[in-house]
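# no sequence on hand, only this structure:
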């Protein structure tokens with residue numbers, strides 16, 4: 001439990017300093033924000049580096065909790081994404097009076113995700129999911145002066161409660177038909193009964209809410225638009241990645257006897273998610289809403305790879321999520337900076353953006369190229385492996401639909417790039433002064449988007465971890 005203990009220690013350190021500053025005035029808190037953000041980001045960096053060392057393999061609590069090299073790698077991917085998001089949020093948080101509360105909520109939800117990834121028990125999975133979700137709803141409402149932020153938080157709470165109830169209902173029916181909550185014992189007790197198949201549909205529907213798969217996506221765009229840009233980035237990358245990391249072992253191992261049934265469900269979900277996500281993204285003018293529907297479409301591609309039902313399928317999903325962290329955080333990093341400094345978020349606001357902010361323009365452009373799957377950006381290789389994994393089932397209809405949807409996605413990604421580089425604007429967004437931490441985060445995202453695609457050993461390393469799962 002090294003990862004969980006480290007995050008818990010960081011939470012208590014932040015809590016201790018929050019208690020110490022309880023009597024400080026608002027002016028004093030704002031003056032101290034820069035130093036506070038500096039040492040918090042240092043703690044997150046130490047936590048990320050520690051994720052490479054002393055990763056034990058084994059189980060605890062009567063095999064309810066387990067850890068292996070793949071799980072440790074997945075948790076450290078979440079650590080990396082959280083660190084990058086924290087660095088990108090520097091310019092926004094340095095003027096915020098609730099910095100300590102932000103990080104306590106952020107790391108509490110990260111702790112819940114860690115427990116969720118390591119669970120081998122359905123009830124522990126549900127409790128971990130609630131720990132990861134409730135603080136996240138509070139983060140969505142972190143722009144306390146904006147009514148839209150409060151509205152987004154209310155929508156997320158209601159939809160999360162609904163999806164959690166669906167999951168709990170499915171878990172209870174599985175327990176009623178098998179007499180166990182253990183994910184390791186479950187495959188031995190599945191008999192393809194109608195109640196079990198209904199439970200499978202309900203549980204996958206619960207997963208669908210959390211990853212914004214169509215038709216369970218209706219909350220996504222409003223929540224993404226209303227939440228602070230930093231929280232939107234966390235929702236679209238870290239939150240979804242954690243659920244997808246859970247889905248791989250649950251579907252591949254625990255529900256393996258029902259693989260024919262869940263393959264058909266994933267087929268329908270992936271097709272609907274790709275088509276609806278792309279068609280709605282075409283219509284968006286707000287960049288946060290565009291990236292919201294873009295992330296929905298990306299989930300459709302991920303489900304194509306997951307439907308491959310093989311080691312290559314699981315590997316392609318984890319590999320794509322690694323690339324997606326850099327690509328989406330690169331895009332959201334620019335949107336976060338612009339939103340924090342100018343409060344501008346529409347595509348039209350970005351007309352002539354290249355003339356005043358060439359570095360940010362190139363970061364956003366390369367991020368969008370990677371999300372679109374254009375070589376040599378790493379997103380091309382990620383989508384290539386996802387489609388190849390899905391092709392292993394010889395369902396060429398699914399592959400053709402995925403390929404056509406990649407073409408559709410080019411339109412709205414290139415639309416943003418055209419606005420930045422080609423459209424004229426008499427009053428473009430002024431030059432944005434970037435602090436050191438956000439600049440480093442954006443550079444890391446750029447290196448990741450280019451380097452991972454060109455360095456093939458990353459895929460081989462994940463494949464080796466997946467083979468030993």
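Nice, I can see it. Model, not experiment: these values are computed from the prediction.

# any weak-confidence spans in the stretch 351-469 of the chain?
Along the stretch 351-469 of the chain, segments meeting pLDDT under 70 span 469.

# that one: strands as residue ranges?
For the stretch 351-469 of the chain, no strands are identified by DSSP state E, counting those that start in this stretch.

# the helices in it, which residues?
Counting by DSSP state H, counting those that start in this stretch, the stretch 351-469 of the chain has helices at residues 353-356, 358-372, 378-391, 396-421, 436-454, 457-467.

# any chance of those helices in CSV, with distance to residue 250 and mean neighbour count too?
C-beta coordinates here come from the backbone N, C-alpha and C atoms, glycine included. Listed next are the helices of the stretch 351-469 of the chain as CSV, based on distance: least, Cβ to Cβ, whole Å; neighbours: other Cβ atoms under 10 Å:
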stretch, distance to residue 250, mean neighbour count
helix 353-356, 42, 19
helix 358-372, 27, 23
helix 378-391, 18, 23
helix 396-421, 21, 17
helix 436-454, 26, 19
helix 457-467, 15, 16
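
# which of those sits closest to residue 156?
helix 358-372 (23.4 Å; Cβ to Cβ).

# sec struct for residue 333, please.
helix (DSSP: H, G, I helix; E, B strand; the rest coil).

# leaving out sequence neighbours, find the closest residue to it.
Ranked by Cβ to Cβ, 6 or more residues apart in numbering and with sequence neighbours excluded, the top spatial neighbour of residue 333 is residue 88, at 4.3 Å.

# if I pick the one you found, what's in contact with it?
Residue 88 makes contacts with 230, 233, 329, 332, 333, 336, 337, 437, 438, 441, 442, as judged by Cβ atoms under 8 Å, 6 or more residues apart in numbering.

# repeat that for 6 Å
333, 336, 438, 441 (Cβ atoms under 6 Å, 6 or more residues apart in numbering).

# and for residue 412?
Here residue 412 is in contact with 281, 282 (Cβ under 6 Å, 6+ apart).

# if I look at the residue nearest in space to the middle of the chain, how far off is residue 118?
Nearest to the geometric centre of the chain sits residue 237, at 1.9 Å (Cα atoms, centre = their mean). For residue 237, the distance to residue 118 (Cβ to Cβ, to the nearest Å) stands at 20 Å.

# cool, residue 61 as well?
Applying Cβ to Cβ to residue 61 and residue 118 gives a distance of 10 Å.

# didn't residue 3 look like it was pressed against residue 75?
Yes. Between residue 3 and residue 75 there is a contact at 4.7 Å, judged by Cβ atoms under 6 Å.

# what is in contact with the two at once?
residue 114.

# show the contacting residues for residue 271.
Counted by Cβ under 6 Å, 6+ apart, residue 271 has contacts residue 401.

# list the buried ones in the helix or strand where it lies?
Using DSSP states H and E, residue 271 sits in helix 259-282. Under the neighbour-count criterion of 16 or more other Cβ atoms under 10 Å, helix 259-282 has 261-263, 265-267, 269-278, 280-281 buried.

# how about stretch 58-66?
Buried residues in stretch 58-66 (16+ other Cβ under 10 Å): 64, 65, 66.

# stretch 204-222 too?
So for stretch 204-222, counting by 16+ other Cβ under 10 Å, buried means 204-214, 216-217, 219-222.

# among the residues you listed, which are in strands?
Per DSSP state E, strands hold no members of the buried residues of stretch 204-222.

# in helices only, show me the residues you listed.
The members of the buried residues of stretch 204-222 that map onto helices under DSSP state H are 204, 205, 206, 207, 208, 209, 210, 211, 220, 221, 222.

# where does the first one land on pLDDT?
As summarised for this prediction, residue 204 has a pLDDT of 90.

# for the residue nearest to it when sequence neighbours are not counted, give its distance to residue 306.
Using Cβ to Cβ, 6+ apart and skipping the chain neighbours, the partner closest in space to residue 204 is residue 265 (5.4 Å). Residue 265 sits 11 Å away from residue 306, going by Cβ to Cβ.

# what's near enough to touch the nearest residue to residue 331 once chain neighbours are set aside?
Leaving aside its chain neighbours, residue 331 sits nearest to residue 367 (4.0 Å; criterion: Cβ to Cβ, 6+ apart). Neighbouring residues of residue 367 by Cβ under 6 Å, 6+ apart: 327, 330, 331.

# coming back round to it: tell me who's in contact with the residue nearest to the centre of the chain.
81, 325, 328.

# unless I'm mixing things up, the second one is touching residue 83, no?
No. Proximity of residue 325 to residue 83 does not meet the contact threshold set by Cβ under 6 Å, at 10.5 Å.

# between the two, which has more neighbouring residues?
residue 325 (25 against 20; other Cβ atoms under 10 Å).

# for residue 58, grab phi and psi.
phi 160, psi -170 (degrees, to the nearest 10).

# and it, bridged to which residues?
residue 67 (DSSP bridges).

# next, format the contacts of residue 88 as JSON lines and append distance to residue 126.
Rendered in JSON lines, the data for the contacts of residue 88 read as follows (distance: Cβ to Cβ, whole Å):
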{"residue": "333", "distance to residue 126": "33"}
{"residue": "336", "distance to residue 126": "32"}
{"residue": "438", "distance to residue 126": "36"}
{"residue": "441", "distance to residue 126": "33"}
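
# and which of those residues is nearest to residue 37?
residue 438 (10.9 Å).

# now do the helices in the stretch 51-200 of the chain.
Using DSSP H, counting those that start in this stretch, helices in the stretch 51-200 of the chain cover 69-88, 90-93, 99-117, 122-140, 147-178, 194-211.

# any weak-confidence spans in the stretch 51-200 of the chain?
For the stretch 51-200 of the chain (pLDDT under 70), the answer is none.

# how near is residue 180 to residue 189?
In terms of Cβ to Cβ, residue 180 sits 6 Å off from residue 189.

# check residue 317 too.
Relative to residue 189, and taking Cβ to Cβ, residue 317 is found at 27 Å.

# looking at these two, which is more packed in?
Neighbours per residue (other Cβ under 10 Å) separate residue 317 from residue 189, with residue 317 holding more: 28 against 14.

# so which bits of the host helix or strand of that one are buried?
Element membership of residue 317 [criterion: DSSP H and E] is helix 311-342. For helix 311-342, the neighbour count (16+ other Cβ under 10 Å) marks 311-341 as buried.

# can you redo the contacts of residue 237 as CSV with distance to residue 409?
As requested, those are exported to CSV (distance: Cβ to Cβ, whole Å):
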residue, distance to residue 409
81, 22
325, 19
328, 14
